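>>> here is the input, now give the coordinates:
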Amino acid sequence: MLKVVIIGGGWAGCAAALTAKKAGADVVLLEKTDMLLGCGLVGGIMRNNGRFTASEEIKYLGGHELINITDECARHVNIEFPGHKHANLYDITMVEPAVRSMLLNKGVKIKLIARAVDVIMKDKNKIKGIQLSDDTVEYGDIFIETTGSTGPMGNCLRYGNGCSMCILRCPSFGPRISISYRAGVEDILGMRSDEVYGAFSGSCKLNKDSLSKEIREKLDKEGVVILPIPKEDINMDKLKIKVCQQYALPEYAKNIILLDTGHAKLMTPFYPLDKLRKIPGLERARYEDPYSGGKTNSVRYLSMAPRNNGMKVEGLDNLLCAGEKSGLFTGHTEAIATGCLAGHNSVRLALGMPLLELPRNLASGDLIAYENECIKTKEGLKNRYTFAGGRYFERMKNLGLYTTDTAIIKDKISRDNLIGIYDEKLI
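Residues are numbered from 1 along each chain as shown. I've put the predicted structure just below:
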């Protein structure tokens, strides 16, 4: 039986595992830590702005299980915060067990605390197996790399201020490696506006119990709390370092913006603790992720693989990629969109079938193709590509790709003859 091995159990890896299994493969999902979802364990924002459109596209294409789980685990539905409309905030404490259970019920084999350390090549352009830190080897026919772009700790120190015990937990579970690089393909590195490599993660988490009763109650009821920053502490320059350009708006420099995802999600890469505690209601504030959120955060976009629009890595015969490994994408929805396509195409690749490329009249297809075009330039390497904001959301609106009308989205995918494409069993 065809065996697909997926390296990395974040949102992209889980999406790839789902669609590869649906297409008929024997699927093994390798995750170096003891939980799935990666940055999704502290994320939580779905359906904001163009992500609504993309979420519905994913559902109609056949990746509905993952979108349904985030909807079912939502603490708040259809809320607004600066620059963003109709957002859902899922509960980060509920979503991982739900995703894990769904994948296991589908027959996906999940191996936790299974860190990849090297590749074993069959020949120059073909991977034979993935060597793990316990010296075992996971052999397969097709491989999908969804290892993300964050860390390891050395990169967070080299390109940032360093971080301590972030959600990827490098000190405990070991550093990630680039599978594509180990297989002989050069990585692509993203840049900030000042041409320094990498970008800081865009948010921190505060322990909700460390906040005032009034703030906790408002978060529980409304999902959003906005607190003005003292004028002497406003720093507009910090917007330039954020990976999440959809949140790099003046409001995010002038205010503390908290979102309720179980913890209190603080929409800034880091914020000095002594200044944070000057703000009424935050006198006892304590960081949950990273613990060093008063000084820094993890650094991302230092390891992307060149790929085609079917998510196959260029220069290797049997490796695909998804999520942040596949480009300067930001967000869970973007990871799920690319992961679903990579998983489905893994089986097509093994069978010698043409790879599916999502048409550009879909937001998902246009995002994948547009990012691939843009990173050929230095300016393109400084941008981030997300359905939720920044330059790409403006493009979505200009091209008429953004809509919250589910009937329009379904009709478009139906006319493309792609309804339920990820549900099709190919083997």
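
>>> now stretch 290-303: buried residues?
290, 292-303 (16 or more other CB atoms under 10 Å). (Each C-beta comes from the backbone N, C-alpha and C, glycine too.)

>>> what's the domain layout of the protein?
Taking automatic domain parsing as the criterion, the chain consists of the domains 3-76+89-194+300-423, 199-289.

>>> avg pLDDT for the shortest one?
For domain 199-289, the per-residue pLDDT values average out at 88.

>>> check the longest one too.
The average pLDDT for domain 3-76+89-194+300-423 rounds to 95.

>>> re earlier: okay, the buried residues of stretch 290-303 in JSON lines with secondary structure next?
Below are the buried residues of stretch 290-303 laid out as JSON lines (DSSP: H, G, I helix; E, B strand; the rest coil):
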{"residue": "290", "secondary structure": "coil"}
{"residue": "292", "secondary structure": "coil"}
{"residue": "293", "secondary structure": "coil"}
{"residue": "294", "secondary structure": "coil"}
{"residue": "295", "secondary structure": "coil"}
{"residue": "296", "secondary structure": "coil"}
{"residue": "297", "secondary structure": "coil"}
{"residue": "298", "secondary structure": "coil"}
{"residue": "299", "secondary structure": "strand"}
{"residue": "300", "secondary structure": "strand"}
{"residue": "301", "secondary structure": "coil"}
{"residue": "302", "secondary structure": "coil"}
{"residue": "303", "secondary structure": "coil"}
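
>>> between those residues, which is closest to residue 71?
residue 300 (26.5 Å; CB to CB).

>>> pretty sure the closest one sits against residue 201.
Yes: the pair residue 300 and residue 201 passes the contact test of CB atoms under 8 Å, sitting 6.1 Å apart.

>>> skip ahead from the top helix by length along the chain and say which helix or strand is next.
Ranked by residue count, the top helix of the chain under DSSP state H comes out as helix 332-351. Using DSSP states H and E, the helix or strand that follows helix 332-351 in sequence is helix 363-374.

>>> give the other helices and strands that the longest helix of the chain contacts.
When contacts are defined as 3 or more CB pairs under 8 Å, 6 or more residues apart in numbering; DSSP states H and E, helix 332-351 sits against strand 3-7, helix 11-22, strand 45-46, helix 50-58, helix 64-72, strand 142-145, strand 319-321, helix 363-374.

>>> what count of nearby residues applies to the residue nearest to residue 87 when sequence neighbours are not counted?
Leaving aside its sequence neighbours, residue 87 sits nearest to residue 48 (CB to CB, 6 or more residues apart in numbering; 3.7 Å). Neighbours of residue 48 under the rule other CB atoms under 10 Å: 27.

>>> part of a helix, is residue 48?
No: counting by three-state DSSP, one finds residue 48 to be coil, located in no helix.

>>> touching, it and residue 89? I think so.
No: between residue 48 and residue 89 there is no contact under CB under 8 Å: 9.3 Å.

>>> part of a strand, is residue 80?
Yes: assessed with three-state DSSP, residue 80 lies in a strand.

>>> list the residues that contact it.
86, 87, 224 (CB atoms under 8 Å, 6 or more residues apart in numbering).

>>> now swap in residue 173 and tell me
32, 33, 34, 113, 115.

>>> so the third one touches residue 110, yeah?
No: distance between residue 34 and residue 110: 10.9 Å, which falls outside the contact criterion (CB under 8 Å).
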